[in-house]
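> Give me the fold of what follows.
(chains A, B, C and D)
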2 protein chains.
Amino acid sequence: MVTPGALSRRERQIMDIVYRLGRATVQDVLQGLDGPPSYSSIRATMRLLEGKGHLKHISDGPKYVYLPTRTRNIVRKSALRHMMDTFFNHSVETTVATLLDMKSKDLTDDELDRIQVLINDARKRGR
Amino acid sequence: MVTPGALSRRERQIMDIVYRLGRATVQDVLQGLDGPPSYSSIRATMRLLEGKGHLKHISDGPKYVYLPTRTRNIVRKSALRHMMDTFFNHSVETTVATLLDMKSKDLTDDELDRIQVLINDARKRGR
DNA sequence: AGCATGGTGCTAAAAAATTAGCACCGTTGA
DNA sequence: TCAACGGTGCTAATTTTTTAGCACCATGCT
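Numbering: from 1, shown residues only, chains lettered A, B, ... in the order given. A predicted model of the protein is given here:
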C-alpha cells in the first residue's frame, strides 16, 4: 500500500487542492497555491502523482482534468483516522468537542439538530 | 507564519509521532517509524525542526526530550480546520457524519450521551 | 493558410531533504 | 580510575524533489 504520508511537500499541497476541488486542472492548482511555482513544475509533479497512482486524468478538449483515484469517502475516512490517532488519542468525543469549540459560533440550530439526529442514528446502528 | 504544510515528508512523520506521544526522544521516534532510517538521520531532522521552530527540547540527564512548541489545542484546531477545508467542504455536519459512520461500532452509549451533552452546550454557547 | 495561444511530454539542472560517519562529551559500572 | 555505552554536534555525500526550458501538437482567429 502506498501510504498517503509518503507524499512530498509539494505533492501533498497539490493533492489537497485536488481533493478540495474534487477535480482540477493545472491552472486550478496554480491558482490554489500561494507561492506559485511555474506551470511546468506543477505539471511535472501532477504527472508524477499520476504515476504513483494518486491521480488520474481525463481530457477536456486539449487540456487535462485531474481526478483523485481514491474515492472521496475512503480518503475522508483515512484522513480522519490519521488525525484522530495523531492529535486526539483516537477519541471521537475529544474530536467532536474540539470541533464544536471551534465552530460553535457558526453553527445554526438547524445544523445542530441534524447532528443530534446523526448521533441517534449511530446509537441505533451501534447495537 | 510557518504553514504546517511546509514540512517535508520525514519532518511530518516525526512531528506526528511527537504529537501523538506529546513528547519524544530520538529513540521514541525511531521506534515509531516503520522503515526506520538511522538514528543519525532522525536526529538531524529533529534538530532541523527545532531550527524551524516546530520543536523545542529539554534535557533529561544526558538526553534530549523534544516537545512541540505549539500547544496541543492550537495544533488540534488547525489540523481539524485544514482537514475540513480539504475534505469536508468546511462542513461540521459532514465531518461528524463521517466520524460516526466510521466509528459507530466502537462507541458506547455513554460516550454518545456525553457527545449529546457537548452539542447542547454548543447550542447554548451559540446564542 | 498562417500565426498566436495554451496545452502537453520530456530532459536536465538546481535546490532541498535524507542519510552516514566521525569526533566529542557525560554517565555508569568493573 | 578508566573503559564502554549512549547520547550530542557537525560536515559531507547521496538521493529525492522541485524547477525551468525546449520541442511539439491542437485550437481558434485573421
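> Where does the closest residue to DNA strand C within chain A fall, secondary structure wise?
Ranking the residues of chain A by distance to DNA strand C (Cβ to the nearest atom of the strand) places residue A:64 first, at 3.3 Å. Placement of C-beta: from N, CA and C, glycine included. Here residue A:64, judged by DSSP states H and E, is contained in strand A:63-68.
> Packing partners of that strand?
Counting contacts by 3 or more Cβ pairs under 8 Å, 6 or more residues apart in numbering or on different chains; DSSP states H and E, strand A:63-68 packs against helix A:9-21, helix A:26-32, strand A:55-60.
> what's the angle from that strand to strand A:55-60?
On the basis of axes from the mean of the first three to the mean of the last three Cα atoms, to 10 degrees, strand A:63-68 is oriented at 150 degrees to strand A:55-60.
> Which SSE is immediately downstream of strand A:63-68?
As assigned by DSSP H and E, the chain's next helix or strand after strand A:63-68 is helix A:72-87.
> contacting residues around that following helix?
Defining contact as Cβ atoms under 8 Å, 6 or more residues apart in numbering or on different chains, one finds that helix A:72-87 is touched by A:4-5, A:19, A:22, A:68, A:90-92, A:95, B:16, B:19-20, B:72, B:75-76, B:79-80, B:83, B:86-88, B:95, B:98-99, B:101-102.
> Can you list the buried residues in that helix?
A:75-77, A:79-80, A:82-84, A:86-87 (16 or more other Cβ atoms under 10 Å in any protein chain shown).
> and residue A:77, what pLDDT?
We have a pLDDT of 96 for residue A:77.
> Quick check: chain neighbours aside, which residue is closest to the residue nearest in space to the middle of chain A?
By Cα atoms, centre = their mean, chain A has its centre lying nearest to residue A:19, at 4.7 Å. In space, residue A:19 comes closest to residue B:86 once its chain neighbours are excluded; the distance is 5.3 Å by Cβ to Cβ, 6 or more residues apart in numbering or on different chains.
> Kindly report the same for residue A:20.
residue B:86 (5.2 Å).
> Tell me the spacing between that neighbour and residue A:21.
Taking Cβ to Cβ, to the nearest Å as the measure, residue B:86 falls 10 Å from residue A:21.
> same thing with residue A:10?
Using Cβ to Cβ, residue A:10 is found at 17 Å from residue A:21.
> ok, these two, which is more surrounded?
Higher neighbour count among residue A:10 and residue A:21: residue A:10, with 19 against 14, using other Cβ atoms under 10 Å in any protein chain shown.
> Please read off the pLDDT at the more buried one from the model.
Looking at residue A:10, its pLDDT is 94.
> ok, now residue A:3?
At residue A:3, the model reports a pLDDT of 41.
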